[in-house]
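Curious how this folds, go ahead:
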Amino acid sequence: MQVYLVGGAVRDTLLGRTVTERDYVVVGATPAQMLAKGFTQVGKDFPVFLHPKTSEEYALARTERKTSNGYTGFECDASTSVTLEEDLKRRDLTVNAIARDQDGELIDPYHGQQDLAQKVLRHVSEAFSEDPLRVFRVARFATRYAYLGFTIAEETLSLMTDMAKSGELNSLSAERVWQETKRSLLEATPEVFFKTLKACHGLDDWFAELSQSESAFITGIQTLKQIQKQSHTQPQEQNASQTAPIEIRFAALCSGLSLNEVQQLCKRLKVQNTVSEIAEMVSAHKTSLLNSDKLDAETLLSVFNKTDAWRRPERFSLFLNALQPIARQLADSERPETVDALNWARREALITKALATANAVDVQHIIAQGFKGPEIREALNNAKLEKISALL
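Presented below is the predicted three-dimensional model:
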């Protein structure tokens, strides 16, 4: 039995990046031997085991043979005869196909170190095309390492294009596509993910709204870039979620889409409600709040009611924050009918103050005046409207 550190931990160590998790491949062992050593088996499609103390993953060396369409259509061989080189050959990129033995020696049969030095993401073998999820994975790696100057090899991008055009991407589950998308959105330069997919026609099936509208795609890309500008930091090795959470980043991506298009995209990707709600709110109300004309009380009250700002103030605050990079992008695009970034900061403060003022209206005071049933809601709205009007 021989154990090797593989994949991301080896790659990131060679790049000088922080290693966050370690995966191992075990050559020459059986499942029974792993269980006898106290490992816990977790893999269903192929034998993966958790270390009894560290809980790190140890997978038996394996080969895979394509048997049907989709990313699950594989026949796995994890017998003791499978070699390390055979296991590494089934991996996606050469930079992910480097192993390190227990003495610290590197095993690199597919020249991953050379590609690391040349900053190239290159597929290991033609078997790359058997797993459609790899189109999104490579786009994510291109996004993560863009700050280091990495690019995708021409032959790999060509292969990704063929895969996208074949229709195989349709066989993926929404959960897997969204997982790759979400992780890429949280990187320092998330726009690279979508530019890469566009270059290989990878947007067509899952991001049809962005694929079919050049203006919506450009708007989303430029608004995502505003988030990086706003943070006043350079792209870093770790994810950049601290500068803006996923809700704001996804809303930025969707900033050029209509409400109906945002809803269709979220449904297709099965985006979780906490994320989709912000994108839909932004799409529905960005025009009324970002228009350069003076805000009026009726508009604000309507937005407060429709977004349920009264009962969900934290979500409403996140919604306002999501409008900031859009305001910056509109200002940069010289759209005179919209507020600029500085004016938006003042307007955001005014909107927040208007909400607090209207929220101070006491419904019990309305009831005490003799209003009943539906009259209470109407009287409450009128009282809030008066408070907002007085503030404006």
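
the strands in the chain, which residues?
Using DSSP state E, the strands found in the chain span residues 2-6, 23-27, 40-41, 48-50, 57-60, 63-66, 74-77, 99-100, 106-107, 120-121, 151-152.

Determine the set of other helices and strands touching the third one.
Spelled out, it's strand 40-41. helix 31-36, strand 48-50 (3 or more Cβ pairs under 8 Å, 6 or more residues apart in numbering; DSSP states H and E). Any C-beta I mention is one placed from the backbone N, CA and C, and that applies to glycine too.

Phi and psi next, for the residue lying closest to Gly38 once chain neighbours are set aside.
Sequence neighbours aside, Pro52 is the residue nearest to Gly38 in space, at 3.8 Å (criterion: Cβ to Cβ, 6 or more residues apart in numbering). When quoted as degrees, to the nearest 10, the phi and psi of Pro52 stand at phi -60, psi -20.

is Ala99 in a bridge, and if so with what?
Ala99 has the following beta-bridge partners by DSSP bridges: Val6, Ile107.

Could you do Thr63 as well?
Assigned bridge partners for Thr63, using DSSP bridges, are Asp77.

Make TSV from the helices and strands packed on strand 40-41 and add mean neighbour count to it.
What follows is these, written out as TSV (neighbours: other Cβ atoms under 10 Å):
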stretch	mean neighbour count
helix 31-36	14
strand 48-50	20
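
ok, back up a step: and the strands of the chain as JSON lines, adding distance to Gln364?
Below are the strands of the chain laid out as JSON lines (distance: least, Cβ to Cβ, whole Å):
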{"stretch": "strand 2-6", "distance to Gln364": "65"}
{"stretch": "strand 23-27", "distance to Gln364": "60"}
{"stretch": "strand 40-41", "distance to Gln364": "58"}
{"stretch": "strand 48-50", "distance to Gln364": "57"}
{"stretch": "strand 57-60", "distance to Gln364": "58"}
{"stretch": "strand 63-66", "distance to Gln364": "67"}
{"stretch": "strand 74-77", "distance to Gln364": "65"}
{"stretch": "strand 99-100", "distance to Gln364": "69"}
{"stretch": "strand 106-107", "distance to Gln364": "73"}
{"stretch": "strand 120-121", "distance to Gln364": "63"}
{"stretch": "strand 151-152", "distance to Gln364": "63"}
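
okay if I get the helices and strands packed on strand 40-41 as a markdown table plus mean pLDDT?
Output for those, formatted as a markdown table (pLDDT from 0 to 100):
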| stretch | mean pLDDT |
| --- | --- |
| helix 31-36 | 94 |
| strand 48-50 | 95 |
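
Flag the shaky bits of the stretch 101-250 of the chain, pLDDT-wise.
The stretch 101-250 of the chain contains residues with pLDDT under 70 at 230-242.
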